[in-house]
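K.L.:
what would the 3D arrangement of this be:
(one chain, ligands or ions: 1)
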Amino acid sequence: MTVTALHATIHPAVAGGLHLEVTDISVQTASVTSITFSDPSGAPLPCYVPGSHLVVQYGDGANAYSLTGSGSAPSEYTISVLRVEDGAGGSMAMHRLAIGERVLVSRPRSAFAPAATATHHLLIAAGIGITPMLSHSRAAAEWGVATSLIYVHRPREGPHVLDAREVLGPALTEFTDRVSFRKELTERLSNQRLGTHLYVCGPAAFMETVLGQARELGWPKGRLHSEPFGAAELDPGQPFTVNLARSGIMLDVPAGVSLLETLEKAGKSIPNMCRKGVCGECALPVRRGAPQHRDLYLSDQEKAANTTIMCCVSRSLDHEMELDL
Ligand code: FES
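P.N.:
Okay, the predicted model is just below:
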């Protein structure tokens with residue numbers, strides 16, 4: 001299939017991006033597949049900061065996926081995609097890609113970079129959350145930066161587990177049960193050398209456990225970094241209607257489709273960067289209705305005020321929401 005057949009219109013999130021070809025596909029687990037993209041001419045690709053993501057267009061939608069390489073002088077980009085059968089269709093479309101197909105992707109974007117001042121990086125990942133951590137680990141290995149990774153995965157179901165073992169060696173600790181993980185977590189968070197930064201990626205509840213415990217143990221906010229799953233891996237949520245008060249438009253937001261996607265499909269150009277609820281770019285003012293906040297950007301106070309919604313991941317608790325748009 002050619003890129004024009006795949007994308008009738010260019011999605012705003014990948015405008016000015018790169019036309020790449022699928023050059024490798026490998027199965028990680030029963031539900032996770034890695035897909036590698038290269039320039040069809042063999043040209044080198046733009047470098048990226050470890051922990052960056054790529055937005056990939058599928059049909060008229062677009063999803064963000066973490067890159068798994070170190071980011072230095074890349075000749076290819078690799079993402080790993082968790083299959084979500086009841087999502088908006090992005091992950092299923094990625095799983096249907098075949099070698100030789102063309103895709104339109106954004107340039108890599110960074111919203112989860114390693115802290116330059118850290119003396120040690122403590123990475124904690126669960127499941128598909130391993131992907132940005134692999135990028136951090138590979139870059140750290142290249143640059144000789146002290147890094148350790150705690151990886152929680154299902155028995156025999158850990159995506160990139162062999163890669164992580166190869167890159168990190170004894171600096172990798174794996175867990176397949178929660179009780180042992182929690183014990184180790186307490187110990188590690190209590191005994192870190194000065195200047196250590198903590199990075200966590202996984203399901204929301206997992207991240208809250210790790211970050212909550214770090215806060216309780218006195219870790220300063222500036223040393224905590226988190227990267228949630230993308231919108232593609234989130235719960236599809238309930239359908240709702242959004243009323244754009246200034247435009248005089250009502251739009252239906254179906255389950256599994258983000259508010260951001262819905263607005264983009266309606267021709268609205270909304271600033272965005274991470275599409276994962278981290279960067280704060282896609283904030284929209286709420287006039288009426290209670291958002292179901294699913295982002296990591298707004299503070300608890302801002303969330304309670306219900307005056308702003310991060311439209312890439314958050315939805316509405318009410319049947320209808322009114323935005324100042
Ligand atoms: S695009 Fe980054 S928070 Fe929505």
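
K.L.:
residue contacts, the residue of the stretch 51-200 of the chain found nearest the ligand?
P.N.:
Closest to the ligand within the stretch 51-200 of the chain is Ala111: 6.7 Å, counting by CB to the nearest ligand atom. Yep, even glycine has a C-beta here, placed from its N, CA and C like the rest. Ala111 is in contact with Gly51, Ser52, His53, Glu227, Met273, Cys274, Lys276, Val278, Cys279, counting by CB atoms under 8 Å, 6 or more residues apart in numbering.

K.L.:
the second one touches Ser106, doesn't it?
P.N.:
No - the pair Ser52 / Ser106 is not scored as a contact, 10.1 Å apart, by CB atoms under 8 Å.

K.L.:
could you list the low-pLDDT ranges of the chain?
P.N.:
Within the chain, the segments meeting pLDDT under 70 span 1-8, 87-88, 230-234.

K.L.:
which residues of it lie near the ligand?
P.N.:
With CB under 6 Å from any ligand atom as the criterion, the chain comes near the ligand at residues 272-275, 277-282, 295, 297, 310, 312.

K.L.:
repeat that for 8 Å
P.N.:
111, 260, 271-283, 295, 297, 310-313 (CB under 8 Å from any ligand atom).

K.L.:
restricted to strands, list those.
P.N.:
Ala283, Met310 (DSSP state E).

K.L.:
buried residues in the strand ranked longest in the chain?
P.N.:
Ranked by residue count, the top strand of the chain under DSSP E comes out as strand 18-27. For strand 18-27, burial by neighbour count (16 or more other CB atoms under 10 Å) applies to Leu18, His19, Leu20, Glu21, Val22, Thr23.

K.L.:
name every strand pairing with the helix or strand following it and say which way it goes.
P.N.:
Note on strand 18-27: by DSSP states H and E, the next helix or strand toward the C-terminus is strand 32-38. Strand pairing for strand 32-38, using DSSP bridges, gives strand 18-27 (antiparallel), strand 77-82 (antiparallel).

K.L.:
which element follows the last one toward the C-terminus?
P.N.:
Going back to what we said before, that points to strand 77-82. helix 90-96.

K.L.:
what are the contacting residues of that next one?
P.N.:
Against helix 90-96 from outside (CB under 8 Å, 6+ apart): 33, 35, 56, 58-59, 61-63, 65, 79, 81-85, 232-233.

K.L.:
so which residue of the protein lies furthest out from the middle?
P.N.:
Largest separation from the mean C-alpha position in the chain: Gly248, at 32.5 Å (CA atoms, centre = their mean).

K.L.:
that residue and the ligand: what is the separation?
P.N.:
25 Å (CB to the nearest ligand atom, to the nearest Å).

K.L.:
pop the domain breakdown of this structure in here.
P.N.:
The chain breaks down into these domains under automatic domain parsing: 3-105, 120-231, 234-323.

K.L.:
just say helix, strand or coil for the closest residue to Ser135 other than its chain neighbours.
P.N.:
Residue nearest to Ser135 in three dimensions, not counting chain neighbours: Pro50, with 4.6 Å by CB to CB, 6 or more residues apart in numbering. At Pro50 the chain is in coil, as set by DSSP: H, G, I helix; E, B strand; the rest coil.

K.L.:
re earlier: going by distance to Thr186, which of the contacts of Ala111 wins?
P.N.:
Glu227 (22.2 Å; CB to CB).

K.L.:
doesn't that closest one belong to a strand?
P.N.:
Yes - assigned with three-state DSSP, Glu227 falls within a strand.

K.L.:
from the ligand, how far out is it?
P.N.:
11 Å.

K.L.:
ok, that residue - how many residues close by?
P.N.:
By other CB atoms under 10 Å, 26 other residues sit near Glu227.

K.L.:
ok, it - contacts?
P.N.:
Counted by CB under 8 Å, 6+ apart, Glu227 has contacts Gly51, Ser66, Ala111, Phe112, Gly129, Pro132, Tyr199, Val200, Cys201, Lys276, Val278.

K.L.:
hmm, who's touching the helix or strand where the second one lies?
P.N.:
Following DSSP H and E, the helix or strand that holds Ser66 is strand 61-66. Contacting residues not belonging to strand 61-66 are listed as 11, 13-14, 51-56, 79-81, 88-91, 94, 106, 109, 112, 131-132, 135, 201, 227, 230-232, 257, 261, 274-276 [CB under 8 Å, 6+ apart].

K.L.:
cutoff 6 Å now
P.N.:
With contact meaning CB atoms under 6 Å, 6 or more residues apart in numbering, strand 61-66 is reached by 11, 13-14, 53-55, 79, 90, 131-132, 230, 232, 261, 275-276.

K.L.:
same thing with stretch 134-148?
P.N.:
Contacts of stretch 134-148 (CB under 6 Å, 6+ apart): 50-51, 67-68, 70, 114, 120-123, 149, 160, 163, 167-168, 171.

K.L.:
mind picking the two most distant members of these?
P.N.:
It's Leu67 and His120 that sit farthest apart of the contacts of stretch 134-148, by CB to CB, at 22.9 Å.
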